[in-house]
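>>> Predicted model and sequence below, questions to follow.
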2 protein chains.
Amino acid sequence: MAVVATLSDNETPRASIQPLVDLVAPGMADVNELILSKAGSNVDLIPEIAKHLISSGGKRLRPMLTLAFADMFGYQGSGHVILAASVEFMHTATLLHDDVVDESDMRRGKLAARKLWGNQASVLVGDYLLGQAFKMMVDTGSLEALRILSEASAIIAEGEVLQLGASKNIETTEAEYLRVIEAKTAALFAAAAEVGPEIAGQNDVMRKAARTYGLELGYAFQMVDDALDYGGSSADLGKDVGDDFREGKITLPVVLAVARGTDQDRAFWKRCMEGDNVTDDDLAEAIELLKKFDAIAETVQRARTYGDNALKALDQLPACAHTDALADAVAFCIARVS
Amino acid sequence: MAVVATLSDNETPRASIQPLVDLVAPGMADVNELILSKAGSNVDLIPEIAKHLISSGGKRLRPMLTLAFADMFGYQGSGHVILAASVEFMHTATLLHDDVVDESDMRRGKLAARKLWGNQASVLVGDYLLGQAFKMMVDTGSLEALRILSEASAIIAEGEVLQLGASKNIETTEAEYLRVIEAKTAALFAAAAEVGPEIAGQNDVMRKAARTYGLELGYAFQMVDDALDYGGSSADLGKDVGDDFREGKITLPVVLAVARGTDQDRAFWKRCMEGDNVTDDDLAEAIELLKKFDAIAETVQRARTYGDNALKALDQLPACAHTDALADAVAFCIARVS
């Protein structure tokens, strides 16, 4: 069994994604090759958009989880590579549809696909990638992996609809926020992790531990993302800061600040979240309010708690280079904001 | 083996969908119940939109194919009901996304979901229904059915992207038109039919015959739809006429008329297909041109040829009330336009 550390211990895992990247490098090379071949189509627009997204430099954390959780059990087949590529396709499809729904202009510092090719192509290429993802899963022959990932697919969409309803509504509670991020982020992390031991023929205990790790890491990851949107702990007004604010997306920092603010503060939040024309001054004021009520620090603290739960789940799994690397990955996700 | 008739024979099948509706009525009751239960969600907007679409009165031809092609082999399980509901969910998801892509205002004579709830909800609820469809397919335990339907899912999206590229382009050839309708319509008809014998444990010959029937019927069905958009053979300017024309969608009647027209006619088609503000006078002139070049009559004639191919495929299958009803259904689909 792995040694449990917590993120506030002296024995804090090293905050680095590199050990995980190195361990799964051979598998990820296969995943990347499969992704490029399966994003192909006689219809030119499809590989064009897919390659734009795939080459735009996400960390590919989700497929790395699938590989690591299969590798740690000495899995020798190619099913984990196929499932990892499916997971990345599901994620990419979600990004394409999200950008349409959120009317986003940028994605990972580049123009969003919908700005380059239009909303129509983004919707349809997303659908294509989702179809390809399911086709690939069928290739693994694992009905159980299909069950896990199709369940995640429905939950993600449900979470996005939920988020649409919560959008611009400053009455959103912390519990509602948690439901949204569980569905839109943590569910796919959980599924990506769980299919690893599943394809490696492991029992329910191992599968459940992997799933819990993925789920808790997913929560932590999204909370950190939401803190980073307000500049993180440093709260500098960087160029990628404020997207959620401008879109009226109610994230944990806002939920906490709204709950603690005066009536005047709430009026400010209501105007900004519901309004279409918020200014940079509004954003600066929002960040001041978040600081005043420790809303960013507390968001990061919650993320740490979820990160600790992820580390605890690793304790159920065989102690090995993979569990060490997965512990480092948790610390890395949290450290992005520190 | 069934007796082959053709649509121009004296022994023409009765042009009625009623025999098929009656034969599969018990199974369809189960399908409808399953659809309503699986369209449920804690997120209120999802059942609201799903029920709007599901109750808006499509003929449910696709799920009826699945049931009929399983029933004819005496299938006794519930897998065909689950697959039929999955097929209808896939179709409904496509309609939701299509309306967003086409910027349609109406669907089956009612306001399109995107006009009632917005594009965002339509994209996401479509995704949810697709996720639910795959979850249901997993419930049947048939990897082969999953393969058939996930393949169709990717092909449908590919066809929609292809259609997007052909949109407004009067250089579109008949071969390109056929590729589009094979992908966007015939592929799901084919899959819906093929999973029937598949779930009933039938061999490749039966599966292939069912698939061919579905594919050929799908072509015929779409051609007739495309003819109906210009008022069908009667060419009256009905209130549902001209949607494709106004959206610049290049369908077979237009392909045929463009190929046969003068330079002046081509200039007219180019202006209308590329333009945003076509008038009722333009539509009336388009219908005149279609008549002049027999483009509607020839479209219907092609549909009849595909319909005949569907009837021939039935000949490979056991002669029974189901094959008779499926033959009547072919005649019914063609007769809509006569």
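It's in.

>>> So which residue is dead centre in chain A?
For chain A, residue A:185 is the residue whose C-alpha lies nearest the centre (Cα atoms, centre = their mean; 4.6 Å).

>>> For it, list the residues it contacts.
Applying Cβ atoms under 8 Å, 6 or more residues apart in numbering or on different chains, one finds that residue A:185 lies in contact with A:218, A:219, A:221, A:222. (Each C-beta comes from the backbone N, C-alpha and C, glycine too.)

>>> which one of these has the most neighbours?
Most neighbours among these, by other Cβ atoms under 10 Å in any protein chain shown: residue A:218, with 28 neighbours.

>>> The helix or strand encompassing residue A:331 - contacts with which helices or strands?
Per DSSP states H and E: residue A:331 is located in helix A:321-335. Here helix A:321-335 touches helix A:18-23, helix A:61-71, helix A:204-228, helix A:295-314, going by 3 or more Cβ pairs under 8 Å, 6 or more residues apart in numbering or on different chains; DSSP states H and E.

>>> of all those, which lies closest to residue B:295?
Set against residue B:295 and scored by Cβ to Cβ, the helices and strands packed on helix A:321-335 come closest in helix A:61-71, at 50.3 Å.

>>> Using PDB, write out every CA atom in the closest one.
Only the C-alpha atoms of helix A:61-71 are listed here, as PDB (Å, rounded to 0.1, in the frame of the first residue of the first chain):
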ATOM      1  CA  LEU A  61      -4.300  14.800 -17.900                       C
ATOM      2  CA  ARG A  62      -7.300  12.700 -18.400                       C
ATOM      3  CA  PRO A  63      -5.800  10.100 -20.800                       C
ATOM      4  CA  MET A  64      -2.700  10.000 -18.600                       C
ATOM      5  CA  LEU A  65      -4.900   8.900 -15.700                       C
ATOM      6  CA  THR A  66      -6.300   6.000 -17.800                       C
ATOM      7  CA  LEU A  67      -2.800   4.900 -18.800                       C
ATOM      8  CA  ALA A  68      -1.300   5.200 -15.300                       C
ATOM      9  CA  PHE A  69      -4.200   3.300 -13.600                       C
ATOM     10  CA  ALA A  70      -3.800   0.400 -16.200                       C
ATOM     11  CA  ASP A  71       0.000   0.400 -16.200                       C
END
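
>>> And the contacts of that helix?
Outside helix A:61-71, the residues within contact range by Cβ under 8 Å, 6+ apart are A:17, A:20-21, A:23-24, A:27-28, A:31, A:79-81, A:83-85, A:87-88, A:91, A:188-189, A:192-197, A:199-200, A:210, A:214, A:217, A:221, A:322, A:325-326, A:329, A:333.

>>> Following element in sequence after that helix, please.
helix A:79-102.

>>> relative to helix A:61-71, how tilted is that next one?
Interaxial angle, helix A:79-102 versus helix A:61-71 (axes from the mean of the first three to the mean of the last three Cα atoms, to 10 degrees): 160 degrees.

>>> near chain B at all, helix A:79-102?
Yes. Contact between helix A:79-102 and chain B, assessed by Cβ under 8 Å from any Cβ of the partner chain, occurs at A:97, A:100, A:101.

>>> still on that earlier bit, would you say the residue nearest to the centre of chain A is within a helix?
Yes. Counting by DSSP: H, G, I helix; E, B strand; the rest coil, residue A:185 is found in a helix.

>>> so how far is chain B from it?
15 Å (Cβ to the nearest Cβ, to the nearest Å).

>>> The stretch 51-200 of chain A against chain B: which residues are in contact?
A:97, A:100-101, A:119-121, A:123-125, A:127-128, A:130-132, A:134-135, A:137-138, A:141, A:143, A:146-147, A:150-151, A:153-158, A:160-162, A:164-165.

>>> partners of the lowest-mean-pLDDT helix or strand in chain A, with directions?
Using mean pLDDT, DSSP states H and E, the weakest-scoring helix or strand in chain A turns out to be strand A:106-107, at a mean of 70. Partner strands and pairing direction for strand A:106-107 (DSSP bridges) are strand A:110-111 (antiparallel).

>>> Past the strand it pairs with, which element shows up next along the chain?
Per DSSP H and E, the first helix or strand lying C-terminal to strand A:110-111 is helix A:113-117.

>>> Beyond that next one, next helix or strand please.
Assigned by DSSP H and E, the successor of helix A:113-117 is helix A:119-140.

>>> right, and the helix or strand after that following helix?
Using DSSP H and E, the helix or strand that directly follows helix A:119-140 along the chain is helix A:143-166.

>>> Tell me which other helices or strands that following helix touches.
Secondary-structure packing of helix A:143-166 (3+ Cβ pairs under 8 Å, 6+ apart): helix A:79-102, helix A:119-140, helix A:174-181, helix A:187-199, helix B:45-54, helix B:119-140, helix B:143-166.
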